[in-house]
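K.L.:
Quick check, what structure comes out for this input:
(chains A and B)
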There are 2 protein chains.
Amino acid sequence: MYDLFYGDNKMKQPFEDKRYAPVGVFDSGVGGLTVAREIMRQLPRESIIYFGDTARVPYGSKSKETILRYSRQIIHFLESKGVKAIVVACNTASAFALEEIRPEMKMPIIGVVKPGARVAAETTVNGRIGVIGTEGTVGSQIYTEMIHRHNPGAVVLGKACPLFVPLVEEGWLKDSITMEVAKRYLASFQESDIDTLILGCTHYPLLRSIIGEIMGDRVNLVNPAYETAQGLGRLLEEYQLANDGKGENSSASYRFFVSDAAEKFKNFANSILPCEIKEARLIHIEE
Amino acid sequence: MYDLFYGDNKMKQPFEDKRYAPVGVFDSGVGGLTVAREIMRQLPRESIIYFGDTARVPYGSKSKETILRYSRQIIHFLESKGVKAIVVACNTASAFALEEIRPEMKMPIIGVVKPGARVAAETTVNGRIGVIGTEGTVGSQIYTEMIHRHNPGAVVLGKACPLFVPLVEEGWLKDSITMEVAKRYLASFQESDIDTLILGCTHYPLLRSIIGEIMGDRVNLVNPAYETAQGLGRLLEEYQLANDGKGENSSASYRFFVSDAAEKFKNFANSILPCEIKEARLIHIEE
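P.N.:
Numbering: from 1, shown residues only, chains lettered A, B, ... in the order given. Below you'll find the predicted structure:
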């Protein structure tokens, strides 16, 4: 299970006092809600504190140095809220920040890249894997590197799809224009005979039906959100941090914080989450 | 000329010592370069210090409070560089921040909204004006308010076009998909009989040919960048701040600062500016 935990500082002693603490989840905005949704489904006892950096969204076109600075600020905030583990629910931040931040961490931290890369590496039959994501994620080559750890011979083909995030945020999920944009972005995969395609941005599962229609049944779509929630569950068990449901307040609670436009975030969240959220609180993450 | 200057604190005394100082121009990213380009063309003696907030771009979907905080940080930075006047080369920041900031300013400040609104108000024949821009700009109703100051009877119809900025940044300027997106956004104007359309986002002049093709010759497209440069020229004359070309270093110089991804900014700038820029310097605007 080591490969699901990026920390060098593996703390083998149990943290029973933190068993009932929430998990911290963060993303540049609303995309990471697809990861929070999977955690809610797969680990229904776990409480979540979610942070969406809506004042600085998107991350995908920004530099490594900037994403690293933003990630540190957010992790500091989540730590101040007493979380027991952190999920970097953003591919760009996972790609740019996770490796650098791991030596600084006092708790388990998991990103979305490695779980998605591993399942793709293990399930491909012909060894040809496509990755779609932001400019930052694709340019970083992080998926290629992670896939090669499990499957050194795999051929990995990346394609940045910068319009997918604004199309999702415009709400054009099943739309003729989105279909045209997707056809253009995915054209490079048509001749490359991939059998697996990683949806390497947390917004992209919301375009799954269009992407699936273009790629056809022959290509397996990997949603890292699903694998990440599974990995989180194993990580919490390993560190004796999983909520056993025996605490005083055993029911899971979900709290949401954003750096801007809280009402808009709340409405989007309520359109995709299985539960009704009542509030997203605004904080100034820069301070 | 009062209407081109948003400041209450009109300083009637001359500032001859500042005559040769640069003008500060800022935007959320590259869009404001269309304004800088007009200043270079119309006021070739004026030096420019440009700041693009590429670490936090875009502004169009963010709240008034956040845009105000970002604008104050940037103005503080430009003041520290010794500018003699400030151009808010971003419609969203002009809409959300200018009125609040004016009492705090010690120098002339001009935005892009008022000059564009005035020319539209004065040139419309049938009194029906369309405005396209970001969610923030259109939602603020700032163009309606400014147009009504000059033409109280005008009917102003707004439409937010959130995909235009990412399409420009993708470089799909003359493209069939951009044409389809533009047709959908502009459809609401087809039956409304407007004779004037304000390109109310500094990115949009780069889509002028597509927008013009859809709207037809009957509709006059207003580019606020052009009017803003004209307004700046009048403002500098009025305050005796215009560079008369008699200073020791009389040739104009242009300096560019960004909060992220300096190389990418430089390449974009060199694709649209009339001069070659050699450097865009990275600074941390939050600090």
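K.L.:
which residue sits closest to the residue nearest the centre of chain A, ignoring its sequence neighbours?
P.N.:
Centroid check for chain A by C-alpha atoms, centre = their mean gives A:Ala89 as the closest residue, at 2.8 Å. Distances taken as C-beta to C-beta, 6 or more residues apart in numbering or on different chains place A:Gly32 nearest to A:Ala89, at 3.2 Å, with adjacent residues excluded. Quick note: C-beta positions are derived from backbone N, CA and C, even for glycine.
K.L.:
in the helix or strand where A:Ala117 lies, what's buried?
P.N.:
If you go by DSSP states H and E, A:Ala117 is part of helix A:113-123. For helix A:113-123, a neighbour-count test (16 or more other C-beta atoms under 10 Å in any protein chain shown) marks A:113-121 as buried.
K.L.:
Identify, from these, the entry nearest to chain B.
P.N.:
A:Val113 (21.1 Å; C-beta to the nearest C-beta).
K.L.:
contacting residues for the closest one?
P.N.:
Applying C-beta atoms under 8 Å, 6 or more residues apart in numbering or on different chains to A:Val113 gives the contacts A:91, A:94-95, A:98, A:137, A:142-143, A:146, A:200, A:224.
K.L.:
tally of neighbours for the closest residue to it other than its chain neighbours?
P.N.:
Leaving aside its sequence neighbours, A:Val113 sits nearest to A:Ser94 (C-beta to C-beta, 6+ apart; 4.3 Å). For A:Ser94, the neighbour count with other C-beta atoms under 10 Å in any protein chain shown is 32.
K.L.:
can I assume A:Ser94 is in contact with A:Ile142?
P.N.:
Yes - between A:Ser94 and A:Ile142 there is a contact under C-beta atoms under 8 Å: 7.3 Å.
K.L.:
quick one: low-confidence parts of the stretch 1-150 of chain A?
P.N.:
The stretch 1-150 of chain A contains residues with pLDDT under 70 at A:1-16.
K.L.:
Let me know the average pLDDT across stretch A:196-208.
P.N.:
Computed over stretch A:196-208, the mean pLDDT rounds to 96.
K.L.:
mind checking how far it is from the chain centre?
P.N.:
In terms of C-alpha atoms, centre = their mean, to the nearest Å, the centre of stretch A:196-208 is set 10 Å apart from its chain centre.
K.L.:
Can you give me the buried ones in that stretch?
P.N.:
A:196-207.
K.L.:
from these, which is closest to chain B?
P.N.:
Distances from chain B to the buried residues of stretch A:196-208, taken by C-beta to the nearest C-beta, are shortest for A:His203, at 12.7 Å.
K.L.:
and A:Gly32, how many neighbours?
P.N.:
Using other C-beta under 10 Å: A:Gly32 sits among 27 other residues.
K.L.:
ok, which pair from the contacts of A:Val113 is furthest apart?
P.N.:
A:Leu98 and A:Gly200 (14.2 Å; C-beta to C-beta).
K.L.:
the strands in the stretch 151-287 of chain A, which residues?
P.N.:
A:155-160, A:196-199, A:220-222, A:254-258, A:280-282 (DSSP state E, counting those that start in this stretch).
K.L.:
which of the contacts of A:Val113 tops the neighbour count?
P.N.:
So for these (other C-beta under 10 Å), the most neighbours sit at A:Asn91, 35 neighbours.
K.L.:
What's the separation between A:Arg234 and B:Val258?
P.N.:
Look at A:Arg234 and B:Val258: by C-beta to C-beta, to the nearest Å, they are 42 Å apart.
K.L.:
These two: which is more packed in?
P.N.:
B:Val258 (25 against 15).
K.L.:
wait, isn't the more buried one in contact with B:Val57?
P.N.:
No - here B:Val258 does not reach B:Val57: they are 9.5 Å apart, not a contact under C-beta under 8 Å.
K.L.:
residue with max distance from the center of chain A?
P.N.:
Quick read of chain A (C-alpha atoms, centre = their mean): farthest out is A:Glu248, 30.2 Å.
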